[in-house]
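Colleague: Sequence first, predicted coordinates after that:
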Amino acid sequence: MNQLFFGDNLDVLRESIRDESVDLIYLDPPFNSSATYNVLFSSPKGHESDAQIEAFEDTWHWGPQAEREFDEIMHQQNTQVAEMMGSFRQFLGENDMMAYLTMMANRLLELNRVLKPTGSLYLHCDPTAGHYLKVLLDGVFGNEHFRNEISWHRSGRRSSISKVYRRAHDVILFYTKSDEYTFHLLYEEKDDTLLRKYTLNDERGVYRLVPLMASGKVAEGGTGKPWRGYDPNSRGKAGMHWLTTADKLEAYVTQGLVDFPRKSDGVPQLKYYLEQNKGIPLSDFWDDIDLINSMGSESLGYQTQKPLALLERIVQASSNEGDLVLDPFCGCGTAVHAAQKLNRTWVGIDITHLAISLIEKRLKDAFPEILFEVHGTPKDYEGARNLAERDKYQFQWWATSLVNAQPYQGKKKGADSGIDGLIFFQDEANNVPKKIVVSVKGGENIGVPMVRDLRGTMDRQKAEIGLFVTLNAPTKPMITEAATAGFYTSPTGGKFPRIQLLSIEGLLEGKEAARYPNLDAGALTFRKAQIEHGEDKQRGLFEQKAKPKG
């Protein structure tokens, strides 16, 4: 079954992914840019400032973890990688870049282990560390298994004032496990330049004439010998020859595909029909896939989100239906979305609960009948308690997802006055959206003052409802205090407690749920992925089926 894993991908790869079980790997790791990446959620007009939270910091530092991972690299079987990493350390020292490369080296070694002999890996990177990663990939996969450095032209023209050329592309490094790998050649859409070459027609259709003779190295099979009175050696150019064997030329004649010249100095030509032309084979320069418009329908608000068309292209080219696709840095889930759409099985891994919850929602929105397993997220009280003790922010992100709320401003505490999540709903036509605030508590010491604090927060935020999500069951005095807040009465009918106390255990077991009007108001809280219909192929491209290339 398709699977999502929350956790460090190094641990997940070692513990849960079998040797040589994956057909295609796509990874888009952080680029060591020392940037802070944010997620922008959809929010109703007037609430935009609430809609941004910090997803992760793309910064790596040399420390005990990096030292431990470096020691592992020095003692694993691939001595080339060990020597290479030793040289990197000599050159770079113990800095952030070295910590990043150490992290990547260990994971690339594991990815090589889980990849099938016929499998491929695509690593998406930018100029920050791409040159180091290419050398590292040569050591892990062998430089003989490098296939392409794909340039994705991700930026349109715009003015820029700088002392460097404007950066407008990312690099995607394409490697294979062996020389026998799955590959389907893709073609660009036929354009006007190509169509204008087809000027002739007969009862079979539109065609052009292609010479059957050319200069260059003579191939085996007598292609330099005369055929039907036409001698390549009499053409006046050294090394002239037929483009195929005499048997093949005769087959063309039988099929009515050869146009013989009317003049003695002419050359027989092949009738090449438009329907035979699949288009121009796709090159390693991809300039036909635009960046996602942050306000467009595809955008989910994830700063590093890649276009679905980009991942569809990779999945189509290097896998077959039913193959297993792995993304160990799955972010907002574009690779697993493409795999699902194109009838592949998939595994996604991410180290933040925010990413996992976003992917869950994205897939369920796009594929309403989808089934997949989620590993590493709490399934019971003990799992939730363990997460709360390990990382309170991951716990808060996870807990807000249980009530379908968007996290509130990430790790920036203080100004949020205890708000951990937001929900927006609308139960009156042409009326402003209304707000629900969510407060999450993972500690054991909860009591009436916290309920009162939530009530005060609701008043300041002008929220209609407050959800108090707690790891431990609320006490009777807390329940009594919550009841004093009264009810929100919806104009469309129904009364809803203004303060609702919800336990993690009750939410996990389905015994408790948040109650508010218009329960299908998720579009006010989250950006929603479009429903996928059928097995649409990527627009403008089509594929030629091929056996594993060898």
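Modeller: On my side now, so go ahead.

Colleague: Please enumerate the strands of the stretch 351-500 of the chain.
Modeller: Using DSSP state E, counting those that start in this stretch, the strands found in the stretch 351-500 of the chain span residues 373-375, 406-407, 421-425, 434-441, 465-470, 487-489, 495-497, 499-503.

Colleague: Tell me the gap between the longest strand that the chain contains and the middle of its chain.
Modeller: Taking DSSP state E as the criterion, the chain has its longest strand at strand 115-125. Its chain's C-alpha centre and that of strand 115-125 lie 14 Å apart, by Cα atoms, centre = their mean, to the nearest Å.

Colleague: any idea how the chain splits into domains?
Modeller: Structural domains assigned to the chain are 3-42+60-157+170-188+282-368, 192-278, 389-525, following automatic domain parsing.

Colleague: Nearest to Asp380, out of those?
Modeller: domain 389-525 (6.4 Å; Cβ to Cβ). In this view, the C-beta of every residue, glycine as well, is placed from N, C-alpha and C.

Colleague: quick one: average pLDDT of that closest one?
Modeller: Across domain 389-525, the average pLDDT comes to 86.

Colleague: In three-state terms, label the nearest residue to Arg113 once chain neighbours are set aside for me.
Modeller: Spatial nearest neighbour of Arg113, excluding adjacent residues (Cβ to Cβ, 6 or more residues apart in numbering): Asp19 at 5.8 Å. At Asp19 the chain is in coil, as set by DSSP: H, G, I helix; E, B strand; the rest coil.

Colleague: Quick check, Asp19 in contact with Asn112.
Modeller: No: using Cβ atoms under 8 Å, Asp19 is not in contact with Asn112; the gap is 10.2 Å.

Colleague: how close does Leu422 get to Glu67?
Modeller: Plainly put, Leu422 is 41 Å away from Glu67 if you go by Cβ to Cβ, to the nearest Å.

Colleague: Run through the stretch 101-250 of the chain and note the low-pLDDT ranges.
Modeller: For the stretch 101-250 of the chain, applying pLDDT under 70 flags the ranges 155-161, 190-191, 216-222, 235-238.

Colleague: what's across from His124 in the sheet?
Modeller: For His124, the beta-bridge partners are Ile172 (DSSP bridges).

Colleague: Which residues belonging to stretch 180-190 are considered buried?
Modeller: Of all the residues in stretch 180-190, those buried under the rule 16 or more other Cβ atoms under 10 Å are 181-184, 186-188.

Colleague: and Ile280, what does it touch?
Modeller: By Cβ atoms under 8 Å, 6 or more residues apart in numbering, Ile280 lies in contact with 187-188, 194.

Colleague: now Arg147, nearest residue through space, not along the chain?
Modeller: Phe174 (4.5 Å).

Colleague: Quick check: the one you found vs Glu144, distance?
Modeller: Taking Cβ to Cβ, one finds Phe174 at 14 Å from Glu144.

Colleague: cool, and Asn9?
Modeller: Distance, Asn9 to Glu144, using Cβ to Cβ: 27 Å.

Colleague: same question, Gly447
Modeller: In terms of Cβ to Cβ, Gly447 sits 66 Å off from Glu144.

Colleague: Next, count neighbours for Gln77.
Modeller: 7 (other Cβ atoms under 10 Å).

Colleague: How about the one 10 residues further on?
Modeller: Ser87 is flanked by 11 other residues according to other Cβ under 10 Å.

Colleague: Which helix or which strand is home to the residue nearest to Gly63 when sequence neighbours are not counted?
Modeller: Residue nearest to Gly63 in three dimensions, not counting chain neighbours: Ala99, with 7.4 Å by Cβ to Cβ, 6+ apart. Take DSSP states H and E as the rule and Ala99 turns out to sit in helix 96-114.

Colleague: buried residues in that helix?
Modeller: Within helix 96-114, the residues that qualify as buried by neighbour count (16+ other Cβ under 10 Å) are 97-114.

Colleague: What count of nearby residues applies to Thr79?
Modeller: 10.

Colleague: Look up how far Met85 lies from it.
Modeller: Taking Cβ to Cβ, one finds Thr79 at 11 Å from Met85.

Colleague: burial of the closest residue to Met74 other than its chain neighbours, as a residue count?
Modeller: Of all residues not flanking Met74 in the chain, Ala82 sits nearest, at 5.2 Å (Cβ to Cβ, 6+ apart). Using other Cβ under 10 Å, Ala82 is surrounded by 18 other residues.

Colleague: mind listing what Ala82 touches?
Modeller: Contacts here follow Cβ under 8 Å, 6+ apart; on that basis Ala82 touches 73-76.

Colleague: Check the secondary structure at it for me.
Modeller: Secondary structure state of Ala82, per three-state DSSP, is helix.

Colleague: For it, give its distance to Arg14.
Modeller: Computed as Cβ to Cβ, the Ala82 to Arg14 distance reads 18 Å.

Colleague: Next: Arg313.
Modeller: Computed with Cβ to Cβ, the distance linking Arg313 and Arg14 is 30 Å.

Colleague: neighbour count winner among the two?
Modeller: Arg313 (23 against 13).

Colleague: got the phi/psi numbers for the more buried one?
Modeller: As for Arg313, its main-chain torsions (degrees, to the nearest 10) stand at phi -60, psi -50.

Colleague: Any figure for the gap between it and Arg147?
Modeller: Distance, Arg313 to Arg147, by Cβ to Cβ: 15 Å.

Colleague: which strands and helices sit next to the helix or strand encompassing Tyr175?
Modeller: Secondary structure assignment for Tyr175, by DSSP H and E: strand 169-176. Packing partners of strand 169-176 (3 or more Cβ pairs under 8 Å, 6 or more residues apart in numbering; DSSP states H and E): strand 115-125, helix 130-141, strand 146-153.

Colleague: Show the pLDDT at the residue nearest to Glu373 when sequence neighbours are not counted.
Modeller: Nearest non-adjacent residue to Glu373, counting by Cβ to Cβ, 6+ apart: Gln3, 4.9 Å away. Here the pLDDT value assigned to Gln3 is 96.

Colleague: before we move on, what about Phe41?
Modeller: pLDDT, Phe41: 51.

Colleague: do the same with the one 5 residues further on
Modeller: Reported pLDDT at Gly46 in the predicted model: 57.

Colleague: returning to that earlier point: right, so of the helices and strands packed on strand 169-176, which gets closest to Asp28?
Modeller: strand 115-125 (4.1 Å).

Colleague: what packs against that closest one?
Modeller: Against strand 115-125 (3+ Cβ pairs under 8 Å, 6+ apart) you get strand 22-27, helix 130-141, strand 169-176, helix 308-318.

Colleague: how does it look with 7 Å?
Modeller: strand 22-27, helix 130-141, strand 169-176 (3 or more Cβ pairs under 7 Å, 6 or more residues apart in numbering; DSSP states H and E).

Colleague: Point out the most buried one among the ones you listed.
Modeller: Among the helices and strands packed on strand 115-125, strand 22-27 has the highest mean neighbour count (mean count of other Cβ atoms under 10 Å), at a mean of 25.

Colleague: now that one: mean pLDDT?
Modeller: 98.
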